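In: Below are the sequence and a predicted model for it; my questions follow.
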Amino acid sequence: MQELTTVELRRETGAGIAGSSGLSAPIETTRPARTQSATPLRHRLPVITARSLRASVRMLREEADHGRLLLFSPVFLGAGAAFWFLAASDFPVVLSLLCLLVLTVALLVTSNSRAALRATFVALALVVCGMLSAQFESWRASTVILDSSVTTTVTGRVERREGDGRGRYRYVLEVMGTEAPEVKRPPERITAIVRGADTPFEIGDIITGRARLTPPAGPALPELNDFSFGSYFDGIGANGFFYGAPDRVDLSTGPPAVARSTSEALLEWLYRLRSRIGDRIRSILPGDTGAFAASLVADERRAISDQTTEALRQSGLAHIIAISGLNMALSAGIFFVGLRMIFSLIPGIAQAWPTKKIAAAGALLAVTAYYMISGFAVSAERAFIMMAIMLIAVFFDRPSISLRNVALSALVILAVSPSEVLGPSFQMSFAATLALVAGYDLWKMRPMRENAFAKLPIMKPFFMVGGFFGGILLTSLIGGFSTALFSIEHFHRLTAYGLPANLAAMPVISFIVMPFGMIAMLLMPFGLDGWAWQVAGTGLGLVIAIANTVSGWGGNIDVGRLSGWYFPTAVLGFLLLTLLKTRLWHIGMAIVAISTLAVVMLPSGVAPNVTIAEDGGLVAIVDGETMASNRTKPPAFIFEQWKRALAIEEHRQPVMVGMSNAPAALQGKRPQLSPDQQNDAREAMRQAIATNPPSHFSCLKAAWCTTLLDNGKTLTVINNAAYLGPACDTADIVVTPVRLRFDRCRSGALLFTGETLRKTGAVELRFTERGIEVATAFDTLLRPWMRHRAYDWRSDSFSDSGKPDVSDSGE
């Protein structure tokens, strides 16, 4: 029997009812109703959209009820600061204050019932406050940065010092004077390396000597890190080194001492104490173990050898060196737990006094002392504020680990030092902390299940050990994934074997290094700390061995420089993923996943064909996965950044050629070449181009290097201005570190000089069908940390801050 459809059944049932009542009912002609799946998408889309909007509004209200809007306050504050720092010029302060006033008034007059509008006004006000705090920090710093390299006699007062383990010390000096020549715009504070001194100078000493000073480095390539930005806000106006050991100035015969304020005297005493602690540790533990221990206590990292530093970085253990949340948490936790255990052994105290709060107060004093001797790094500052908030929360019986504590610490740092928002230390430390605390919140909300097997006495030790290593595994995974984005942005690489390295090293740090290091610090005033440092040094030796082993596996992934849109987009997704509580966090996950997939699948930006360092002394040709430079041993500081940013490993060294009658210009002098010598130089350059392979430099000692590029153009680098005429006559692109008074060749060749590069910074050249595209590190020089590049010491004035004309005049 054929089954009846729903409509037919309704018809028959209706007819039966109607017939029984004596009424005639019309026969229904309604068509069978369509199921939802058969409804066209264009008809369902408005309904789905409306439902999604209503659900989103409901979840946003739930987020507000949970207080999640407070968690986004440092995001808006930091966004305003970052926007101000990345802008091409300063914003008028009056306009910013007026915007803040308007937003404040609008917030006051808006009804409480319009929560969304009030939240929007608060967010905009925080953005403006971030811009204002950035402006005020820039005014507060007002650092004078040296305009160009100079050799002069420097007299300065030692403010800080740090040894590097090879008999050299790096000093931070307060400049008191310069002479021979006298610098017209002397920086107030410099860093200088001293070699060959019999004994290190003490903090507070006044020293004088002949020194070579250079301005802080700019970006190695456009869009890379500008080191002059950090130096400006650190108050450092120049870097350099002394020629030989400087002399200590006798205060009785030297310049009169400048009166020091109480805060300056206290800061000087702290730095002196920090240096003595570092010296004490290195005197007990020689080599890298002592340097490692000093870095954990006093944040003195320069004494660690380059080999060990690179091993720690490649194995993913470099975060241990920095005084960050790990160190602060371990020190506070050890002190807190240890003090409570001691109190528990005394029944009278344990029953009559709030031992938990007393232990929290002791731990707070311990981490405060730790922060005071750590050198005030941003990672230590962030960790100290976090730990202080957590320990203070114990006093009021409040949850100590929460996202609100992270937000409060971020607000404090951004209010005091908004420039840190662009630094890798701030970003990576807060990203790891944010992800770990968010993961901890999810862990607390997990459903609890009874495990009878775990209650067996014989199994408890195994579960405890498994829980400990499971915690390390989970922490390493969360921390590694949360900081991967920032590692790609700032260092252009990922560590493949960080997880096994952390699983092996963290128990050693937690159970050997930090406990015995704390015992050693407590015994140091009595001179009884030697044995404890020996035990801690044994643990650090194991950590170094683990780092060397894991780094030997290789596994570093060079990612290279990614598209500029990816980083802010992925950061937005990461913040939504970690800060939201409702299902809206799926939006953050989708943003991260889609943006990452897009940057992997879609082609990235075109790599440059030629890179030029900001001083003009280093030039490289990029050819696929190889890079040919004009230096046999290029400066590692710049060249390593190039290799990481462009994901290139192979380096092609230049080929050295000979010249029968090389003139005296090779000796570093600048005489005029005779016509015959110029003709010989032209012929030698043409011969070098003809006989050597393309995109491979051919060099005549320290005089010049030349090559034929893939596009048929010729590139020549000259280190001596005497060869400028022959270079301009034979090449299409000429680069020289010499600061010439002109910026064009009469032949029409494209010319980059030390003077033009000083204003543009590093340069990238790309060869296209339209000609040569020139990308520079700086478009304008209007920001305070760039203004020194526009200064002319001859006229004692600032020249035009716009970008010099470096267009392709040869086309």
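Out: Noted; the coordinates are in hand. Numbers count the residues shown, from 1 in each chain.
In: Toward the C-terminus, what is the element adjacent to the helix ranked longest in the chain?
Out: Across the chain, the helix with the greatest residue count (assigned by DSSP state H) is helix 460-491. Downstream of helix 460-491, the first helix or strand assigned by DSSP states H and E is strand 493-495.
In: buried stuff in that following strand?
Out: Judged by neighbour count using 16 or more other C-beta atoms under 10 Å, the buried positions of strand 493-495 are 493, 494, 495. Placement of C-beta: from N, CA and C, glycine included.
In: Same check on stretch 739-756?
Out: For stretch 739-756, the neighbour count (16+ other C-beta under 10 Å) marks 739, 743-745, 747, 749-756 as buried.
In: Residue 547: what's it in contact with?
Out: 308, 311, 312, 314, 315, 317, 501, 505 (C-beta atoms under 8 Å, 6 or more residues apart in numbering).
In: Name the helix or strand for it, please.
Out: helix 530-551.
In: so after that helix, what's the next helix or strand?
Out: With DSSP H and E, the next secondary element past helix 530-551 is strand 556-558.
In: so how many other residues sit close to residue 287?
Out: Neighbourhood size, residue 287 [other C-beta atoms under 10 Å]: 16.
In: What of the one 3 residues further on?
Out: Counted by other C-beta under 10 Å, the residues lying close to residue 290 total 23.
In: what's it sitting at in phi/psi?
Out: The phi/psi pair for residue 290 (degrees, to the nearest 10) reads phi -70, psi -40.
In: cool, and residue 523?
Out: phi -90, psi -10.
In: Identify the residues contacting it.
Out: Shown in contact with residue 523 (C-beta under 8 Å, 6+ apart): 529, 532.
In: Assumed residue 706 was part of a strand.
Out: Yes - counting by DSSP: H, G, I helix; E, B strand; the rest coil, one finds residue 706 located in a strand.
In: and the gap between it and residue 622?
Out: Using C-beta to C-beta, to the nearest Å, we find residue 706 at a distance of 17 Å from residue 622.
In: Could you do residue 225 as well?
Out: Taking C-beta to C-beta, one finds residue 225 at 20 Å from residue 622.
In: likewise residue 568?
Out: For residue 568, the distance to residue 622 - C-beta to C-beta - is 26 Å.
In: More neighbours: those two, which one.
Out: residue 622 (20 against 13).
In: who's the more buried one bridged to?
Out: Residue 622 has these beta-bridge partners by DSSP bridges: residue 627.
In: Which parts of the stretch 251-400 of the chain are helices?
Out: Taking DSSP state H, counting those that start in this stretch, the helices of the stretch 251-400 of the chain run over residues 262-284, 287-298, 306-314, 325-344, 347-352, 355-372, 378-395.
In: For the longest one, give me every contacting residue.
Out: Read it as helix 262-284. Here helix 262-284 has contacts from 159-163, 165, 202-204, 260, 290-291, 293-294, 297-298, 300, 303, 372-375, 524, 529-530, 533-534, 537, using C-beta under 8 Å, 6+ apart.
In: what's the burial count for residue 243?
Out: Neighbourhood size, residue 243 [other C-beta under 10 Å]: 14.
In: and it, what does it touch?
Out: 209, 210, 211, 212.
In: and what of residue 313?
Out: By C-beta under 8 Å, 6+ apart, the residues touching residue 313 are residue 495.
In: picking up where we left off before, counting neighbours, which of the contacts of residue 547 comes out on top?
Out: Counting neighbours by other C-beta under 10 Å, residue 315 leads these with 29 neighbours.
In: Can you list phi and psi of that one for me?
Out: Phi and psi for residue 315, reported as degrees, to the nearest 10, are phi -90, psi 0.
In: How much space separates it from residue 73?
Out: Residue 315 is 37 Å from residue 73, by C-beta to C-beta.
In: ok so, going back, point out the least confident one among the buried residues of stretch 739-756.
Out: Among the buried residues of stretch 739-756, residue 743 has the lowest pLDDT, at 80.
In: Now find how far off-centre the one helix or strand residue 51 maps to is within its chain.
Out: Using DSSP H and E, residue 51 falls within helix 41-65. Relative to the centre of its chain, helix 41-65 is centred 38 Å away, using C-alpha atoms, centre = their mean, to the nearest Å.
In: can you offset everything so residue one is 2?
Out: Sure, I'll start numbering at 2, so the last one becomes helix 42-66.
In: going on from it, what's the next piece of helix or strand?
Out: Once the chain leaves helix 42-66, the next helix or strand it forms, by DSSP H and E, is helix 69-72.
In: Which neighbouring elements make contact with the helix or strand just after that following helix?
Out: Of the helices and strands lying after helix 69-72 in sequence (DSSP H and E), the nearest is helix 74-87. Other helices and strands packing on helix 74-87, by 3 or more C-beta pairs under 8 Å, 6 or more residues apart in numbering; DSSP states H and E, are helix 116-142, helix 404-417.
In: Check which residues of helix 74-87 are buried.
Out: Buried, per 16+ other C-beta under 10 Å, within helix 74-87: 74, 75, 76, 77, 78, 79, 80, 81, 82, 83, 85, 86.
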